[in-house]
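K.L.:
coords below, sequence missing:
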């Protein structure tokens, strides 16, 4: 199989390649094409991958190009992990939002809307090119905001684009761990949108083990989400939220923590990765060791402000090893080899969540086979979750409409109607400041 990675100069690409190196099955990926608009980053990541492959027999052959059409031709799978505007753009998203007193996180709140507005046009162009140049390819989307971008691409690729995220996998793994259950033996009842979902059950041989966890404050306090949200609140919800819901349930605290921080997450990553790419470009540098050291620091500081606000402490060692690359590999295996697998994915709703229309992309358990990902029936969401999911999906739709039409008014409405932006006046200032900060938003004129 041939795999094309868009955003191939990205920092986390070695995670994907590392997973491919461990796959020895029939029909495995044998050729990887990296595409990026930044040749320097491509060169650095290619060096890391070469060191990963050293001594591995029959490792997938790697090539790199800055020509998108060239990268897509002949692809069986396309892994999309682009970042429009780079980490500088992410840092600007955070800065502009926090100046207005609202959240600037890259997938949640004002920052997520801004990121979506500049990413959807690029993702749509990619989808059209895939449809033309590699019509039989499957697109695995990890580009954030993942649910929104997957929905934009699905309008051109249908069900041949599938969104992935490591958050539900990590959450299910942590719940299983504290319950003493093997994750591969558990059915995780998870439903919602990307970065906006809840685990409502964890079943082993037909028995739901989640009530045992929710009834035990000490057990709840033994893992990250229990400490983030608090045992009492989780007991009242009757579910375990995705960690990103901390931005909604503790929004005021999250904003204050971000404003007090020495620098935002985006600014931290911008500095860290600038140093990494500079260091790897120097002769004599051991690229893989430098990457390993940088990644360990990156993972350890993930959502640090939220954990500090909640007194949640450091991340568990088991949660520092990544996860989305394992989901991507499992997804490719299931489709390419017709190996049935159940994975939590971002796919078109098709009636799975009754509160949303059939074309809305949702994040739910899916059965995957050679014909793609098929959402499985789940219990209806409770009222509080329906309200939040419906509101955020309406914002997603305004972002999609604004990107398609170039309507500045729809962009303002997308910000204004987001649950974490509480003012039309603030929404107008956000659009003004974001269009000034990002040349990619010059299309918002009407």
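P.N.:
Looks like it arrived, so ask away. All values reported here derive from a predicted model rather than from experimental measurement.
K.L.:
What are the boundaries of the strands in the stretch 151-300 of the chain?
P.N.:
Ranges of strands in the stretch 151-300 of the chain, per DSSP state E, counting those that start in this stretch, are 161-163, 187-193, 196-204, 207-208, 240-241.
K.L.:
could you check the angle strand 187-193 makes with the longest one?
P.N.:
In other words, strand 196-204. Angle, strand 196-204 to strand 187-193, by axes from the mean of the first three to the mean of the last three Cα atoms, to 10 degrees: 170 degrees.
K.L.:
got the buried residues for strand 196-204?
P.N.:
For strand 196-204, a neighbour-count test (16 or more other Cβ atoms under 10 Å) marks 196, 197, 198, 199, 200, 201, 202 as buried. Where C-beta positions appear, they are placed from N, C-alpha and C, glycine not excepted.
K.L.:
And for stretch 57-75, what's in contact with it?
P.N.:
2-4, 6, 8, 17, 20-21, 28-39, 42-43, 46, 49-50, 53, 78, 126, 129-130, 133-134, 137 (Cβ atoms under 8 Å, 6 or more residues apart in numbering).
K.L.:
now swap in stretch 153-161 and tell me
P.N.:
80, 123-124, 126-128, 130-131, 137-141, 150, 347-348, 359, 361, 372-373.
K.L.:
can you give me the end-to-end distance of that stretch?
P.N.:
Start to finish, the residues bounding stretch 153-161 are 7 Å apart (Cα to Cα, to the nearest Å).
K.L.:
One more: stretch 365-374?
P.N.:
From start residue to end residue, stretch 365-374 stretches across 8 Å - Cα to Cα.
K.L.:
and the residue most central in space within the chain, what does it touch?
P.N.:
When Cα atoms, centre = their mean is applied to the chain, the residue found nearest the centroid is residue 165 (4.6 Å). Neighbour list for residue 165: 142, 146, 194, 195, 324, 327, 344, 346, 363 [criterion: Cβ under 8 Å, 6+ apart].
K.L.:
Quick check: closest non-adjacent residue to residue 133.
P.N.:
Counting by Cβ to Cβ, 6 or more residues apart in numbering, residue 133 lies nearest to residue 72, which is 4.5 Å off, once chain neighbours are set aside.
K.L.:
Read off the pLDDT value for that neighbour.
P.N.:
As predicted, residue 72 sits at a pLDDT of 98.
K.L.:
Could you pull up phi and psi at it?
P.N.:
When read as degrees, to the nearest 10, the backbone of residue 72 gives phi -80, psi -30.
K.L.:
Report the separation between residue 384 and residue 192.
P.N.:
12 Å (Cβ to Cβ, to the nearest Å).
K.L.:
before we move on, what about residue 432?
P.N.:
32 Å.
K.L.:
got it, and residue 179?
P.N.:
In terms of Cβ to Cβ, residue 179 sits 21 Å off from residue 192.
K.L.:
just residue 37 next, same as before
P.N.:
Counting by Cβ to Cβ - residue 37 and residue 192 are separated by 33 Å.
K.L.:
between those two, which one's more packed in?
P.N.:
Set residue 37 next to residue 192 and count neighbours by other Cβ atoms under 10 Å: residue 192 wins out with 26 against 15.
K.L.:
How about the contacts made by residue 114?
P.N.:
Contact analysis of residue 114 by Cβ under 8 Å, 6+ apart lists 93, 96, 97, 430, 434, 438, 441.
K.L.:
Could you dump those residues into CSV with pLDDT added?
P.N.:
What follows is the contacts of residue 114, written out as CSV (pLDDT from 0 to 100):
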residue, pLDDT
93, 97
96, 98
97, 98
430, 98
434, 98
438, 97
441, 98
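K.L.:
so which two of those are the farthest from each other?
P.N.:
Farthest-apart pair in the contacts of residue 114 is 97 and 441; separation 14.3 Å (Cβ to Cβ).
K.L.:
Show me which of these two is the more surrounded one.
P.N.:
residue 97 (29 against 22).
K.L.:
mind checking which helix or strand that one is in?
P.N.:
Secondary structure assignment for residue 97, by DSSP states H and E: helix 86-99.
K.L.:
Good, wrapping up.
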